[in-house]
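> I'd like to go over a predicted model; first the sequence, then the structure.
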Number of protein chains: 2
Amino acid sequence: MATAISGMEQLAIGIDIGGTGTKFGIVDREGNVLFSSEMSTRGYKEINDFIIDLHKNLQPLIDNIGGIGRIKGIGVGAPNGNFYTGTIEYAPNLPWKGVIPLAKIIQDEFKLPVVLTNDANAAALGEMKYGAAKDMKDFIMITLGTGVGSGIVANGSLIYGHDGFAGELGHVIVIPDGRYHEGTGKKGSLESYASATGVRLTTIEFLENSETPSLLRAVPRDQLDSKKVYDAAMAGDQLAKEIFEFTGKILGLALANFVMFSSPSAIVLFGGLTKAGDLILKPTRESMEANLIQVFQNKVKILVSHLKEADAAILGASALAWDIQ
Amino acid sequence: MATAISGMEQLAIGIDIGGTGTKFGIVDREGNVLFSSEMSTRGYKEINDFIIDLHKNLQPLIDNIGGIGRIKGIGVGAPNGNFYTGTIEYAPNLPWKGVIPLAKIIQDEFKLPVVLTNDANAAALGEMKYGAAKDMKDFIMITLGTGVGSGIVANGSLIYGHDGFAGELGHVIVIPDGRYHEGTGKKGSLESYASATGVRLTTIEFLENSETPSLLRAVPRDQLDSKKVYDAAMAGDQLAKEIFEFTGKILGLALANFVMFSSPSAIVLFGGLTKAGDLILKPTRESMEANLIQVFQNKVKILVSHLKEADAAILGASALAWDIQ
């Protein structure tokens, strides 16, 4: 293992592996991303080929900061990443199937200590160290992207659960016997409504089940997304506004339930849907408050992550590395 | 403050304050309740009168074990008890209104260190130290009584949340726009279905909304309770069985959602409803598994507390005292 060169500040590598692309960078203790880059994930059928190319792509960045001796360790965020085992397990959106000993493969390739967790947990750590949840001991991070991910911090630590899989709040059932989720086969989960995919399905339902005139009727079905709904709502489209109200109502109900579980001081939202601003946040807040019992009302902040989207994933992953013993 | 008499084992006092009665006892580190007794809570309009009588009632027990010098401290479980502030706040079922500095009042009276938490958290601690959750680091305790309470343990510690009020799982909304809860004004909470009160309301609904013959039709309305439903079900009554299936389906859905939050190794159930055994446990298990995504399936045990009901509350409260510094 590498040791620090005395007199020079130690740095960490953060790697965020997504279904489409992988982002990586070198970060200092203050949360500055000194160098970063990205590469495709999708093209690699073999995990070993991917890791070899990842090393090749990271090497120039490592050379920039004076060599591997300055790196304390590598933090990795990946879908279905397990902190306890260092494996990714049955990740539906990654090209490598089954159980992959990802931390060990990266450790063997880079000769550096590696810590892995799932992408939403990494995002939560990033917010706690550098972002909206700075210095909070109790908060919940919800990522509203293609899917809905979450990381839960209580008593100042991430909750991993007995097996490392805690915090799958996207799969919590909010509407019993509600909308079918293709990926899980379950009905009425938060993810089936409050994700980009969910908003798309809501839009199609609303268009089909009403006669209300809407700018969205002119958009080809396969191009309907939350950005188009946002644009329509900003142009005064009533149906588009109702889509965000419907989504916020369900998201707010789910958030109320999460609050009654762990009583966080804040919920931090991140991801595409938050770009709709108050169109989604206002109904979400109202629905959360309406479903909370009195002792929790008007206490819990709903915050939107203010980390740069390009940096957030790398920062979050790198945050894992600082705690390596 | 008292200090231990050297050479004699230290003991703890556990006090469980309920809406009707208060149980108290002296417990050793192995979880043996050496002496215990109880008194009414309901008669006391003034908290100070209650504490003075509590002291009078505890004194003979303290004398039995050789005096107050052997007592390390006092642990108290009470509805709406707050670990951080030592206060009970707006407890609807207690005679004392507003915010009561309970820990301080008891401490001043007994001249011993006092730790307070809510009754369900105390029950969880009791299970972790002496009961079904012994040596578990991640589990959820659910008390199914007149109401539904909960205590959540993650990473080996109770989750208190930022304000001490975490773990109000009875108030989580399971059926949006479902059954109205008199106490909270909310609709569709777990407590409105899976408590003794909830089962009573379900029974009345089932009797009113069907023509099915049932032994329960002969029971006067004001005597309908889960015990009567249990007896009818054991005698082969179809409607009574359906009442437990309905209740278990909702409870299991809620448990699945809790599992996807903190991924516990077990859920420990306690209280009157568990006496129905497999009539309630079987549909609960089935519904939980049906609502879990694959990564959680067939992993989480549903256990019934095996602590003696008379001792469990005292044990749980006393467990708090061992951690006093």
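Okay, I see it.

> At which residues are the helices of the stretch 1-150 of chain A located?
For the stretch 1-150 of chain A, the helices defined by DSSP state H, counting those that start in this stretch occupy A:47-64, A:102-110, A:119-130.

> Could you dump those helices into a markdown table and include mean pLDDT, mean neighbour count and distance to residue A:295?
Bear in mind the C-beta positions are built from the backbone N, C-alpha and C, glycine included. As requested, the helices of the stretch 1-150 of chain A are arranged in a markdown table below (pLDDT from 0 to 100; neighbours: other C-beta atoms under 10 Å in any protein chain shown; distance: least, C-beta to C-beta, whole Å):
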| stretch | mean pLDDT | mean neighbour count | distance to residue A:295 |
| --- | --- | --- | --- |
| helix A:47-64 | 97 | 15 | 48 |
| helix A:102-110 | 97 | 19 | 41 |
| helix A:119-130 | 93 | 27 | 25 |
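
> closest to chain B out of those helices?
The minimum distance between chain B and the helices of the stretch 1-150 of chain A falls on helix A:119-130, with 12.0 Å, by C-beta to the nearest C-beta.

> Can you spell out which helices and strands pack onto that closest one?
In this structure, helix A:119-130 makes packing contacts with strand A:11-17, strand A:71-77, strand A:139-144, strand A:148-154, strand A:157-158, strand A:266-270, helix A:309-321, judged by 3 or more C-beta pairs under 8 Å, 6 or more residues apart in numbering or on different chains; DSSP states H and E.

> Alongside chain B, which residues does the stretch 101-250 of chain A contribute?
For the stretch 101-250 of chain A, the residues in contact with chain B (C-beta under 8 Å from any C-beta of the partner chain) are A:136-138, A:152, A:154-155, A:157, A:159-169, A:171-176, A:184, A:186.

> Separate out the buried members of these.
A residue is treated as buried here by neighbour count (16 or more other C-beta atoms under 10 Å in any protein chain shown); on that basis the buried members of those are A:136, A:138, A:152, A:154-155, A:159-169, A:171-176, A:184, A:186.

> so where is chain A shaky, pLDDT-wise?
Across chain A, the stretches falling below the confidence threshold (pLDDT under 70) are A:1-7.

> what's the domain layout of it?
A:11-126+A:310-321, A:135-305 (automatic domain parsing).

> end-to-end on the shortest one?
Using C-alpha to C-alpha, to the nearest Å, the gap from the first to the last residue of domain A:11-126+A:310-321 comes to 9 Å.

> what pairs with the nearest residue to residue A:122 once chain neighbours are set aside across the strands?
If the residues on either side of it in the chain are set aside, residue A:122 comes closest to residue A:77, at 3.1 Å by C-beta to C-beta, 6 or more residues apart in numbering or on different chains. Note on residue A:77: beta-bridge partners by DSSP bridges are residue A:16, residue A:117.

> roughly how far apart are residue A:77 and chain B?
17 Å (C-beta to the nearest C-beta, to the nearest Å).

> hang on, that residue packs against residue A:23?
No: no contact is recorded between residue A:77 and residue A:23 when judged using C-beta atoms under 8 Å, the distance being 9.4 Å.

> the more surrounded of those two?
For the pair residue A:77 and residue A:23, the greater number of neighbours falls to residue A:77 (30 against 22), based on other C-beta atoms under 10 Å in any protein chain shown.

> In which helix or strand does the residue located most distally from the centre of chain A reside?
No residue in chain A sits farther from the centre than residue A:211, which is 36.1 Å out by C-alpha atoms, centre = their mean. Residue A:211 belongs to no helix or strand when elements are defined using DSSP states H and E.

> thinking again about what came up before, shared neighbours of residue A:77 and residue A:23, which are they?
With C-beta atoms under 8 Å, 6 or more residues apart in numbering or on different chains applied, the overlap between the contact sets of residue A:77 and residue A:23 consists of A:15, A:16, A:313.

> My read is that the first one contacts residue A:77, right?
Yes: applying C-beta under 8 Å, one finds residue A:15 in contact with residue A:77, separated by 7.3 Å.

> so which residue of the stretch 51-200 of chain A comes closest to chain B?
Taking C-beta to the nearest C-beta as the measure, the stretch 51-200 of chain A has residue A:161 as its residue closest to chain B, at 2.5 Å.

> Test my guess that that residue contacts residue B:258.
No: contact between residue A:161 and residue B:258 fails when scored by C-beta under 8 Å: they sit 11.0 Å apart.

> Need the overlap of contacts for these two.
Contact criterion C-beta under 8 Å, 6+ apart; residues bridging residue A:161 and residue B:258 by contacting each: residue B:264.

> still on that earlier bit, Serialize the domains of chain A to TSV and add fields for distance to residue B:43.
As requested, the domains of chain A are arranged in TSV below (distance: least, C-beta to C-beta, whole Å):
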stretch	distance to residue B:43
domain A:11-126+A:310-321	49
domain A:135-305	27
